[in-house]
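In: here are the coordinates; sequence isn't available:
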């Protein structure tokens, strides 16, 4: 399957302290520097993706520099979200492509991007309309995932162990989001599947 794939290692000894910060909604403050970076990268990604659509429509190829930044942005977003959800307690590094981090996002390389989808990206509203079913699904799944991860903070804080079911649910929601984003930005032409099934890589 030519989709963005999220992989992670199970957090065997989750931090009760970080979970406690999550309960009182302070964990996000520790991510503030990353949120700034992700916000700036997201703004840049939108511009570069639009430029990339024009290049693909004209030449049939996505510039490697644009692809690299878009994939790096999605990976950074995924790592930030996985740390916030407690899937790992290793604070995310300030790198586009870190090595050895417990979670990673693999974005497929599309050597022959569709010019038709690139034109749809130029129009933008066309691709957006095509993603409405995903937007509806992710709205409900995302809300449920936030509630679930908040419950998991309590589980970790009081027991020192994490709910693997909630961990997989959160990770699956992040993977679904990244797959939709990768398709919207033109990194893959294969329409993203619906679903949150994911298993830890180790």
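Out: Here it is on my side, so go on. This structure is a prediction, so every number in the text was calculated from the model and none was measured.
In: Going along the chain from the helix or strand of the chain with the lowest mean pLDDT, find the next helix or strand for me.
Out: Within the chain, no helix or strand scores below helix 125-130, which has a mean of 89 by mean pLDDT, DSSP states H and E. Next along the chain after helix 125-130, taking DSSP states H and E as the criterion, comes helix 132-159.
In: Next SSE downstream of that following helix?
Out: helix 164-184.
In: okay, the angle between that following helix and helix 132-159?
Out: 150 degrees (axes from the mean of the first three to the mean of the last three C-alpha atoms, to 10 degrees).
In: And the least confident helix or strand of the chain, what does it pack against?
Out: helix 115-123 (3 or more C-beta pairs under 8 Å, 6 or more residues apart in numbering; DSSP states H and E). All C-beta spots, glycine's among them, are computed from the backbone N, C-alpha and C.
In: Report the buried residues of the helix it packs on.
Out: For helix 115-123, burial by neighbour count (16 or more other C-beta atoms under 10 Å) applies to 117, 118, 120, 121.
In: what's in contact with it?
Out: 49-50, 52-54, 56-57, 60, 126-127, 130, 184, 186, 189 (C-beta atoms under 8 Å, 6 or more residues apart in numbering).
In: If we use 6 Å, what do you get?
Out: The contact list for helix 115-123, computed with C-beta atoms under 6 Å, 6 or more residues apart in numbering, reads 53, 56, 57, 126, 127, 186, 189.
In: Which members of those residues are classed as buried?
Out: In the contacts of helix 115-123, the ones that pass as buried (16+ other C-beta under 10 Å) are 53, 56, 57, 127, 186, 189.
In: Reformat these as CSV; add distance to residue 18 and secondary structure.
Out: Output for those, formatted as CSV (distance: C-beta to C-beta, whole Å; DSSP: H, G, I helix; E, B strand; the rest coil):
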residue, distance to residue 18, secondary structure
53, 40, helix
56, 42, helix
57, 46, helix
127, 37, helix
186, 36, coil
189, 39, coil
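In: As JSON lines, those with distance to residue 80 would be great.
Out: Below are those laid out as JSON lines (distance: C-beta to C-beta, whole Å):
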{"residue": "53", "distance to residue 80": "26"}
{"residue": "56", "distance to residue 80": "28"}
{"residue": "57", "distance to residue 80": "32"}
{"residue": "127", "distance to residue 80": "24"}
{"residue": "186", "distance to residue 80": "22"}
{"residue": "189", "distance to residue 80": "26"}
